[in-house]
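Chemist: Structure of the sequence below:
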Amino acid sequence: MPSQYFEDIEIGEIRDHGPGRVVDAEEIKRFALEFDPMPFHVDEAAAKASVLGRLCASSVHVLAIGSQLAHEGQGEEMDMAVLSGLGWDEVRLVSPLFAGDHVRARSWVAEKRDSGSRPDRGVVTMQNEVLRDDGSIIARYKIAVLVAKRPVDEA
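Modeler: Residues are numbered from 1 along each chain as shown. Model (predicted):
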């Protein structure tokens with residue numbers, strides 16, 4: 001059972017999604033070969049000759065890692081009663097994610113509003129960031145999710 005229904009969520013509430021992890025070259029290549037096979041994501045020599053000068057993760061991979069870290073590091077005390085994702089907005093890739101980087105994720109509640117069509121739910125917009133250990137931002141984006149309100153029998 002989730003611990004946070006729509007009513008429990010506060011604007012500005014910060015979620016630090018745990019210690020994160022290191023992204024290695026093999027993971028970058030494996031993901032890119034399947035989903036984004038650009039030479040600078042799959043070949044170290046081609047990456048060295050690229051504008052970035054070394055192997056870097058695909059933007060899609062960066063977003064997938066952000067999503068993974070947010071879900072894994074949420075913890076039961078921050079487990080929202082999410083019913084569905086509604087969309088991603090303002091996706092910005094601020095700096096490349098290189099092989100060997102240690103990444104983590106954090107988010108905060110940017111907005112919330114009642115659903116216009118269903119009184120038993122609301123919309124919460126989270127501002128998310130994927131960061132390096134030194135705090136530098138790799139990516140930032142907003143995600144809107146549909147969240148259940150507390151059931152009447154639990155109110």
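Chemist: can you give me the helices in the chain?
Modeler: With helices called from DSSP state H, the chain shows them at 25-35, 39-42, 44-48, 59-72.
Chemist: Quick one: mean pLDDT for the shortest one?
Modeler: Model confidence over helix 39-42, given as mean pLDDT, is 94.
Chemist: what comes up buried for that helix?
Modeler: 40, 41, 42 (16 or more other CB atoms under 10 Å). Quick note: C-beta positions are derived from backbone N, CA and C, even for glycine.
Chemist: for that helix, packing partners?
Modeler: Helix 39-42 sits against helix 25-35, helix 44-48, with contacts defined as 3 or more CB pairs under 8 Å, 6 or more residues apart in numbering; DSSP states H and E.
Chemist: quick revisit: closest to residue 120 out of the helices of the chain?
Modeler: helix 59-72 (23.8 Å; CB to CB).
Chemist: What residues sit buried inside that closest one?
Modeler: Buried-residue list, helix 59-72, by 16+ other CB under 10 Å: 59, 61, 62, 63, 65, 66, 67, 69, 70.
Chemist: start to end distance for stretch 13-31?
Modeler: The first residue of stretch 13-31 is 32 Å away from its last residue (CA to CA, to the nearest Å).
Chemist: Just give me how far it sits from the chain centre.
Modeler: Put simply, stretch 13-31 sits 10 Å off its chain's centre (CA atoms, centre = their mean, to the nearest Å).
Chemist: cool, and stretch 130-150?
Modeler: 5 Å.
Chemist: Nearest approach to residue 80 belongs to which of the helices of the chain?
Modeler: The nearest among the helices of the chain, by CB to CB, is helix 59-72 at 10.9 Å.
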